[in-house]
Structures are given as structure tokens and as C-alpha cells.
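> Fold the following.
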Amino acid sequence: MEKLFVIGDSISCHYGPFLKEYLAERYECLFKGELTEALKNLDVPSGANGGDSKMVLESFIDILDRGKLKCDLILLNCGLHDIKLIEEENRYQISFEDYKNNLIKIIKLIKSHGIDAIWVRTTKVIDEIHNSPENKKLNKIVRHNADVLKYNKAADSIMSDNNIKSIDLYTFTEKFGTEAYCDHVHFYEWIRKRQAEFIAKYIIKAQKLLTRKGNK
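The predicted structure follows:
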């Protein structure tokens, strides 16, 4: 059985258990840490939550360069933490230029170890939900969908330049509308299951194509 390493934001921690089920006959799904630890506070990266692009890069430096990870495929995402706007300092958690540079370094590192990767596009932020007075008071986090679009576009270009396949989870999830959100940025369980199924089908199809090419 092949090994799939999943590293992403809290959205991946939510669909992760369902992804394991959908891929159970083909892949052993591995995570950066424990899913239960990540779920304690989805807004503060810990356990399986990879966090922002700087944190993901540091994780790969640790697990890949130190030989701690043996896998056949990496499912990768970061961006939702990067676009957090720290209003009092008028800056993002990870600037746009640093985000692009971190992604380039991550992909270069993965490729240097000869591992295939698939990128997952960051999901949509509904501004009026996320940045409502109640949510700002409760979560103290500001995000804007304009930044999701900007960072996603940059990631699209980087993945294309490096021949990395992308799963458009943004567009897939967007069609379910505001009713899909259980809080400021996360989704109800029925959406998580659909996200996992969508991703699993893409991975299986992509790997079948790679197998066919390898057999020619």
C-alpha cells in the first residue's frame, strides 16, 4: 500500500478522517501530527495542522531533510493562515512575496527528494461572515477573500511552472454557498465528507494516469 502524506491548514484536518476512509484500500494516510490535537483549536496550528507557508516549509525541512518521512505522494496546502491580517500592525501573517518564496522552496525541497505532490487550493472566505463584529470579537482574526484569490493565483502559477497538479477545492466548495460554513471559516461535516470524496477521486485518477505512463 502506498503512503500519502497530508499537510495543510485546519480545513485538511476536518476532511482528513474522511479522506483516510475514502482512500483506505489504496493509501495509508499520514499526517504531520495528531488530528485530535489539531482539533482542540483550529485557529492555532498544532498537531496535524500545518499552519502558514513558513511553518509548512520548516516542517518539510525537518521531516524530509532529516529522513523522517517516507511517502509516495504529498497532498499539500497552505494559505489560510498566511492571509491573516494583523490590523494593529497593518501587515499579513505572511506577506505575499514571502508566501510565494516559501512555496517555491517547499516545492524545490519535495522535488529534491523525488516525491510526487498535489496542491490543494485554499477555500473561500465569506467576508461578511468572517469579519462580522461578533466573529472579530470572538476569534480576533481578520481575513479577506480578495487575499485568498490573490494568494491562490500566485500558487496556481508556481504549481504550473513546476508541473504540480492542483485540486480546485476553492471552486468545488464555493458552490455550496454560505450554508456550508459552521463558523467563520470552517465547514459542516457534510461538506467535509464531500471535500474528502472530491479530493480522493482526484488522487485516484491522477495516480492511475501516472501508472499508465509508467507502464508505457
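> Distance-wise, check residue 34 relative to residue 120.
For residue 34, the distance to residue 120 (C-beta to C-beta, to the nearest Å) stands at 20 Å. In short, each C-beta sits where N, CA and C put it, glycine included.
> now do residue 185
On the measure of C-beta to C-beta, residue 185 and residue 120 end up 15 Å apart.
> which one of the two has more residues nearby?
Between residue 185 and residue 120, counted using other C-beta atoms under 10 Å, the more crowded position is residue 120 (26 against 22).
> residues contacting that one?
8, 12, 75-77, 166-167, 169, 199 (C-beta atoms under 8 Å, 6 or more residues apart in numbering).
> what sits against residue 167?
So residue 167 contacts 118-121, 198-199, 202 (C-beta under 8 Å, 6+ apart).
> Now it. Its backbone dihedrals?
Main-chain torsions, residue 167, degrees, to the nearest 10: phi -100, psi 120.
> Report all helices and strands that the longest helix seen in the chain contacts.
Secondary structure assigned by DSSP state H gives helix 189-215 as the longest helix of the chain. Contact here means 3 or more C-beta pairs under 8 Å, 6 or more residues apart in numbering; DSSP states H and E; on that basis helix 189-215 packs against helix 10-22, strand 73-76, strand 116-120, strand 165-167, helix 169-174.
> List the buried residues of that helix.
191-196, 198-200, 202-203, 207 (16 or more other C-beta atoms under 10 Å).
> Among these, pick out the one closest to residue 129, please.
Distance to residue 129, by C-beta to C-beta, is smallest for residue 191 among these, at 14.3 Å.
> pretty sure that closest one is in contact with residue 175, am I right?
No. Contact criterion C-beta atoms under 8 Å: residue 191 and residue 175 do not qualify, at 10.6 Å.
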